[in-house]
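S.K.: Here's my sequence, what's the structure:
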Amino acid sequence: MDEAFKAIKLIKSESVWENMATMCVKTRRLDVAKVCLGNMGHARGARALREAEKEPELDARVAMLAIQLGLLEDAERLYKNCGRYDLLNQFYQASGQWAKAMETAELHDRIHLRTTYYNYAKHLESKGDMNGAIPNYEKSDTHRFEVPRMLFDEPQALKAYIMKTKDKSLKKWWAQYMESTSEMETALQFYEMAQDYLSLVRVYCYCNNLEKASEIASQTGDRAACYHLARQYENAEDYKSSIHFFTRAQAYSQAIRLCKENNMEDQLMNLALMSNSADMIDAAQYYESSPQTMDKAVMLYHKGGHFSKALELAFDTQQFAALQLIAEDLDEKTDPMLLNRCADFFMEHGQYDKAVDLLVVAKKFTEALDICMQQGVNITEKLAEKMTISKDDPNNDLRNKLLERVADICFQQGSYHLATKKYTQAGNKAKAMKALLKSGDTEKIIFFAGVSRQKEIYVMAANYLQSLDWRKDPEIMKNIIGFYTRGRALDSLSGFYDACAQVEIDEYQNYDKALGALSEAYKCLSKAKLKNASQQEEKLAALKHRINLVKKFVQARRVYDEDPEEAMKQCQVLLEEQDLDSAVRVGDVYGMMIEHYARQETYKKAYACMEEMRSRIPTVNMAFYVNMRTIEAIHRSLDIPLGRGMGAEKKDEDDGDEVEEEVQEEYDDDNGYC
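M.R.: Model (predicted):
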């Protein structure tokens with residue numbers, strides 16, 4: 001191509017340069033094409049090629065060159081290759097291929113679809129094809145202006161089109177046109193078809209047919225129509241009808257104006273309440289001028305948001321019922337003097353809760369809390385939150401004191417959870433825990449103790465949990481041990497292990513577990529640091545003595561399987577121990593011996609043990625320690641009535657219950673020791 005270009009540089013023939021430009025379309029050499037077009041004298045083509053340089057696609061620029069050289073098929077192919085359907089659409093329109101242009105617009109260039117229809121309609125109009133142009137103007141959504149313009153010189157055709165169309169805008173335009181030619185009946189007909197109620201009312205008013213205008217405005221409720229009719233009635237000095245239609249049009253300020261101008265006070269109040277705040281206050285100022293309508297002025301000032309003025313008038317005219325209503329809507333923006341005045345009013349009339357609310361709004365928390373204390377006003381969570389000063393407040397001491405006082409009152413009123421919350425916000429976790437303990441909410445107590453991480457609170461939680469039925473709930477027992485351990489209350493933990501040992505003995509007669517619990521109790525007590533060292537030593541000695549006694553009894557039980565006689569000897573020795581009952585129940589030792597002698601069928605020895613046991617424990621219930629079948633066998637073999645040996649003969653049958661109560665009392669004493 002470059003060699004050919006050099007060869008023909010000096011040639012002046014336009015046909016040669018045209019052929020060269022055609023080759024540029026195939027080779028896409030636009031730089032060479034510019035020179036060719038220049039030598040051809042093709043100024044229009046050179047300009048078009050220069051303008052096409054803004055297109056980013058090379059094929060789009062080459063397609064423009066092809067168009068200028070008359071290579072339309074090549075131009076169409078190039079536009080399709082580069083996907084420039086917008087330019088392809090323009091190419092089809094310019095070349096008169098309208099069918100292809102509309103197809104391309106519908107399938108690939110929908111953004112220019114309406115423009116394509118519009119251009120096609122213009123093309124048909126220029127050819128005189130009015131019937132073909134109309135649907136294309138409609139498709140381009142320009143028919144509301146273009147069709148009347150096109151058919152304006154043919155009134156019959158235009159009227160036929162308007163009658164045929166369902167477009168309300170065109171019917172309204174035709175009605176306006178008819179009105180301009182003074183054809184009022186036709187205009188009204190088309191205004192009705194267009195549902196233009198304002199124009200209908202306007203024309204009827206022009207024709208002095210206010211009755212028909214009123215009927216249309218009432219039926220349709222169109223605000224613009226109602227407003228226009230209201231103006232007409234006002235001009236005709238029919239103020240009642242005017243106010244009615246101003247109200248229907250929601251033009252309350254105009255209705256209020258008429259009421260004030262014509263002293264129609266009966267309607268003014270209702271209109272003001274339906275209107276905005278400015279109109280309410282305007283009406284209130286009107287009512288304020290008359291002493292007989294002060295109550296209405298107060299209400300409107302209140303509804304309009306002008307609380308200070310409403311309160312001032314209510315106090316001046318002693319409208320106490322209105323005062324109560326206004327007080328409910330007061331906030332911190334209200335004048336503090338007015339708030340205090342309202343609070344004093346409610347105090348005088350015994351409405352202490354409302355007085356407290358107002359004092360809180362006025363930020364007079366101390367006075368509000370004094371009333372709560374003196375008059376027993378219940379502090380709700382909402383009220384407590386209102387009395388809580390923000391954390392960002394620089395006076396943190398005042399905030400904490402106020403929170404503690406709120407919490408104290410809540411505690412006295414039995415709102416323990418709320419008291420806990422406020423004590424916690426004040427940073428007094430110990431008091432918060434005490435309040436929570438009063439609530440009895442075990443789950444929250446365990447959670448609070450866990451997150452507080454304070455020794456005192458751990459101990460308080462553990463002490464509370466001991467008051468529950470921890471024997472049947474292993475989780476509670478685990479928490480008691482954990483809290484005492486974390487609280488470093490080893491003396492209390494020792495007492496708890498001691499209580500566990502007693503439970504194992506009293507309820508399950510499991511001396512092995514009891515021995516383990518007593519050993520843990522001894523370890524804890526030995527690690528504890530009590531203030532009274534001598535008392536600690538005494539407790540340790542007593543605990544060690546009890547452990548030794550339990551150990552001896554456990555040993556006797558273990559020896560029994562191998563050497564029963566040795567076990568009996570150990571039991572005899574154990575019975576001679578002092579304070580045996582402090583660690584081992586005497587009845588359990590005797591019970592073991594009685595069972596042994598019964599198995600050996602030495603019933604006299606067994607009965608002797610029973611007698612000895614009865615003498616040592618006068619109120620004993622024998623069946624509690626010895627199997628009933630064993631007792632029956634002993635009595636049967638010795639021919640002794642069964643009534644004897646079951647307990648003290650001189651007691652009533654209710655003795656067993658008394659014994660059980662005594663045992664329970666002993667258990668409670670142990671529990672209290674913990």
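
S.K.: State the phi and psi torsions of the closest residue to K212 other than its chain neighbours.
M.R.: Residue nearest to K212 in three dimensions, not counting chain neighbours: Y204, with 4.8 Å by CB to CB, 6 or more residues apart in numbering. For the C-beta atoms, the positions are set from N, CA and C on the backbone; glycine is no exception. Dihedral pair for Y204: phi -60, psi -40, per degrees, to the nearest 10.

S.K.: What distance do you get for Y204 to S182?
M.R.: Using CB to CB, to the nearest Å, Y204 is found at 15 Å from S182.

S.K.: Over to S277?
M.R.: For S277 relative to S182 (CB to CB), the value is 47 Å.

S.K.: So which of the two has more stuff around it?
M.R.: The neighbour count for S277 versus S182, taken as other CB atoms under 10 Å, is higher for S277 (12 against 8).

S.K.: who touches that one in this structure?
M.R.: By CB atoms under 8 Å, 6 or more residues apart in numbering, the contact list for S277 reads K303, G304, G305.

S.K.: Quick one: low-confidence residue ranges for the stretch 151-300 of the chain.
M.R.: Under the criterion pLDDT under 70, no range of the stretch 151-300 of the chain is flagged.

S.K.: Recalculate using a threshold of 80.
M.R.: The model of the stretch 151-300 of the chain has pLDDT under 80 over residues 265-266, 284-293, 295, 297-298, 300.

S.K.: likewise the stretch 501-650 of the chain?
M.R.: Residue ranges of the stretch 501-650 of the chain with pLDDT under 80: 528-533, 536, 643-650.

S.K.: how does it look with 70?
M.R.: Along the stretch 501-650 of the chain, segments meeting pLDDT under 70 span 643-650.

S.K.: Kindly check the end-to-end length of stretch 258-271 for me.
M.R.: Length of stretch 258-271, first residue to last, CA to CA, to the nearest Å: 11 Å.

S.K.: Give the buried residues for that stretch.
M.R.: For stretch 258-271, the neighbour count (16 or more other CB atoms under 10 Å) marks L258, C259, M264, E265, Q267, L268, M269, L271 as buried.

S.K.: now the helices for the stretch 101-250 of the chain?
M.R.: Using DSSP state H, counting those that start in this stretch, the helices found in the stretch 101-250 of the chain span residues 113-126, 130-139, 143-151, 155-164, 168-180, 184-193, 197-206, 210-220, 223-235, 239-248.

S.K.: okay if I get the ones you listed as TSV plus distance to Q555?
M.R.: Formatted as TSV, the helices of the stretch 101-250 of the chain follow (distance: least, CB to CB, whole Å):
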stretch	distance to Q555
helix 113-126	106
helix 130-139	111
helix 143-151	114
helix 155-164	120
helix 168-180	111
helix 184-193	116
helix 197-206	111
helix 210-220	108
helix 223-235	104
helix 239-248	104
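
S.K.: buried stuff in the strand or helix carrying A314?
M.R.: Element membership of A314, judged by DSSP states H and E, is helix 307-316. Within helix 307-316, the residues scored as buried using 16+ other CB under 10 Å are F307, K309, A310, L311, E312, L313, A314, F315.

S.K.: Kindly report the same for stretch 369-386.
M.R.: For stretch 369-386, burial by neighbour count (16+ other CB under 10 Å) applies to L369, I371, C372, V377, I379, L383, A384, K386.

S.K.: Among those, which lie within strands?
M.R.: Using DSSP state E, no member of those falls in strands.

S.K.: out of those, who's nearest L493?
M.R.: A384 (37.2 Å; CB to CB).

S.K.: for the closest one, what are its contacts?
M.R.: With contact set as CB under 8 Å, 6+ apart, A384 has these partners: V406, C410, L418, K421, K422.

S.K.: circling back: so what's the gap between the helix holding A314 and the chain middle?
M.R.: Computed by CA atoms, centre = their mean, to the nearest Å, the chain-centroid distance of helix 307-316 equals 38 Å.

S.K.: Stretch 523-536 now?
M.R.: Computed by CA atoms, centre = their mean, the chain-centroid distance of stretch 523-536 equals 54 Å.

S.K.: again with stretch 354-373
M.R.: Put simply, stretch 354-373 sits 30 Å off its chain's centre (CA atoms, centre = their mean).

S.K.: Quick one: residues contacting S519.
M.R.: Contact analysis of S519 by CB under 8 Å, 6+ apart lists I547.
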